[in-house]
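Peer 1: what shape does this take:
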Amino acid sequence: MFIIVIGGGKVGYYLAKTLAQLKHKITVIETDKALCMHIANTTSNLDISVINGDGTSVNYLIDADIESADALIAVTGKDQDNLVACQLAKKRFSIKKTIARVNNPKNIKIFEKLGVDSAVSSTSSLVDIIEREVFISGLKSLTTIGNISINEIKLQSKFSSIDKQIKNLKIPEGCIIISIIRNNQLMIPSGSTILHKDDELIVVSKKGDETKIEKALGKH
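Peer 2: This is a model prediction of the structure:
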């Protein structure tokens, strides 16, 4: 699929990278030039194009070849921008699937009434976890898109995976450690990467597999 992602911040970056690794063609539109350069420099081996511009502008959407897109996902930090981008995609360009990140959970119903196919709130995702009586200490849900969950977990001293190579961990099928933030620096890990205390891992998994992630990382 060809998917346009509006917003190249933390959520947009990891979402674009994950979808590209799943063999989707991705174009990211982001207003911040520095973020655009970061995405371009760290994903050069993936099928990701980056446009420095406003995703709520018709001209930039056209530059992204939106008429050929299968879906548009808006994940900026502003609900209004996410709504406008999705409405333009739906009404102006007849995009079949639009997904918006909703920073204020109270706006979910409004988004859906205004034609957004799926409105996703990180906060409401956490509420869902609590309602399922699943408590995951140390794991933070960044967002969920469909059946995909993107999570952040910090390796504290209680994790037995510290000082071990990733390839030696029993990572569940369908779970991928896509990046590590170490000393405020972003790393793209390989199987031989050794995990350190205080590493912040960004992990993609199937929704509902969060407890398996912590088990694989050896949380006591």
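Peer 1: show me the shaky parts of the chain.
Peer 2: 122-138, 220 (pLDDT under 70).
Peer 1: which parts of the chain are strands?
Peer 2: 2-6, 25-30, 48-52, 71-74, 97-101, 118-120, 139-145, 148-154, 176-182, 185-187, 200-206 (DSSP state E).
Peer 1: ok, the third one: who's next to it in the sheet?
Peer 2: Okay, so that is strand 48-52. Neighbouring strands of strand 48-52 in its sheet, by DSSP bridges, are strand 25-30 (parallel).
Peer 1: now do the buried residues in the partner strand.
Peer 2: Lys25, Ile26, Thr27, Val28, Ile29, Glu30 (16 or more other CB atoms under 10 Å). For the C-beta atoms, the positions are set from N, CA and C on the backbone; glycine is no exception.
Peer 1: buried residues in stretch 21-40, which are they?
Peer 2: Of the residues in stretch 21-40, those buried (16+ other CB under 10 Å) are 21, 24-31, 35-36, 38-39.
Peer 1: again, but for stretch 206-216
Peer 2: Lys207, Asp209, Glu210, Lys212, Ile213, Glu214, Ala216.
Peer 1: give me the distance from that stretch to the chain's centre.
Peer 2: Relative to the centre of its chain, stretch 206-216 is centred 17 Å away, using CA atoms, centre = their mean, to the nearest Å.
Peer 1: and what of stretch 143-161?
Peer 2: The answer for stretch 143-161 is 12 Å, by CA atoms, centre = their mean.
Peer 1: list the contacts of the residue nearest to Thr18 when sequence neighbours are not counted.
Peer 2: In space, Thr18 comes closest to Val204 once its chain neighbours are excluded; the distance is 4.9 Å by CB to CB, 6 or more residues apart in numbering. For Val204, the contact set (CB atoms under 8 Å, 6 or more residues apart in numbering) comprises Tyr14, Thr18, Ile148, Ser149, Ile150, Asn151, Cys175, Ile176, Ile178.
Peer 1: please consider this matter closed, and thank you.
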